[in-house]
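S.K.: make a model of this:
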Amino acid sequence: METRLKVAERIAQEASLLALDYFRRLSESEIGEKRPQDLFSEAKREVENLIRQRLEHHFPQDAIIGEEHGGEPSASYWSVDPIDGTSHFLRGSSLWGISVGYVIGGEPVMGVIVHPVLNLMLSGGKETGVYLNGEPFQRPVVAEALKTVAIGDSPSWDFTHQLCIEKAYRDDGWNVVRYRCTTAGLSFSVLGYVDGYQECFSSMWDVSAGYALCKAAGLDAHLAGSEEKSRTHVSVGTAEMNRLSARFIPYPRFTPA
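M.R.: The predicted model follows:
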C-alpha cells in the first residue's frame, strides 16, 4: 500500500500544477473567447485525464471511477475528483482541492488530497498513518469545548433535512460551518480545524480520500448508502459528534456495489 500511496502523491502533485495553471488563467485577460465555466469544465476534464493516464501507467490492472468520465466500482478501484469546489475555483477562492482515493471492498483505505493554492497535501491511510506535505502528522486535540462541525451541501440532499440537522447541532451547542467543498471539510477535520464533517447524498469520488484520511487520523468514520453516484452518506468526526450525527442518518448500512 505504501507504494501506491507514493505514486498517488506524485500524481496528485502533478495534477495540482495543471489545475493551478487553469486557475490562474481565469482572469478575464487570459481566457479569451472562453466563458469561465467553459474553462473550468476543460480544467476538470484535463486534470482527470492526467490522473487517469498516470494511474493506468503504474497500475494497468486497476479500475478507476471519476467525476468527469465515470466508471464502474469493482472489488478495488481508484476514485478521482479532479477539482472539488466549483464556485471557489471560479471566484478565485483558495478553497478547492484534488482528491484521489483507493477503495477495497467498498471501504476507502487510502487517499491523497491536495489544496494547490493553500500549498497543502494530506496523504495516507490505515496502513501508513497520515502525512502533511510529506511529513508524518498527528491530529491535534485543541479547544475541545468549542464544538464545531462542518456540513456539506450536496444538491441531491434535501435542504429541509440539511436545516433540521444544522438546527439540532446548534441546539446542542455546536458551531456549524459550511465550506461548499467536500475536500475542505474532510481535510479540515483531519487537521483539527473542525471536529468532523457530515454530508448525505454525495459520491464516492467526493469522499473516499477524505474518509480514509479521517479514519487514519483516529476519527470515527462511517459510510451509509451505496457507491452509486449521489448515494453515499458520510459522517467522520469525534465520538461526540458521531453520537449526535447518528440520529440524522437513518439510512441502511453502506453496501458496496
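
S.K.: list the contacts of residue 194.
M.R.: 148-150, 177, 185, 188, 237 (CB atoms under 8 Å, 6 or more residues apart in numbering). For every residue, glycine as well, the C-beta is placed using N, CA and C.

S.K.: wait, which of those residues is closest to residue 214?
M.R.: Nearest to residue 214 among those is residue 237, at 7.7 Å by CB to CB.

S.K.: ok now do that closest one, which residues does it touch?
M.R.: By CB under 8 Å, 6+ apart, the contact list for residue 237 reads 149, 189, 194-198, 214, 219-220, 245.

S.K.: which one of these is nearest to residue 143?
M.R.: Looking across the contacts of residue 237 and measuring by CB to CB, the closest to residue 143 is residue 195, at 9.6 Å.

S.K.: what's the burial count for that closest one?
M.R.: 25 (other CB atoms under 10 Å).

S.K.: ok, now which ones touch it?
M.R.: 147-149, 189, 237-238, 240-241.

S.K.: do residue 207 as well
M.R.: Contacts for residue 207 (CB under 8 Å, 6+ apart) come out as 101, 108, 182, 186, 199, 223, 232, 234.

S.K.: ok, the third one to residue 192 distance?
M.R.: Which is residue 182. 18 Å (CB to CB, to the nearest Å).

S.K.: check the fourth one too.
M.R.: When CB to CB is applied, the distance between residue 186 and residue 192 equals 13 Å.

S.K.: so where's this protein shaky on pLDDT?
M.R.: Low-confidence segments of the chain, defined by pLDDT under 70: 27-34, 248-257.
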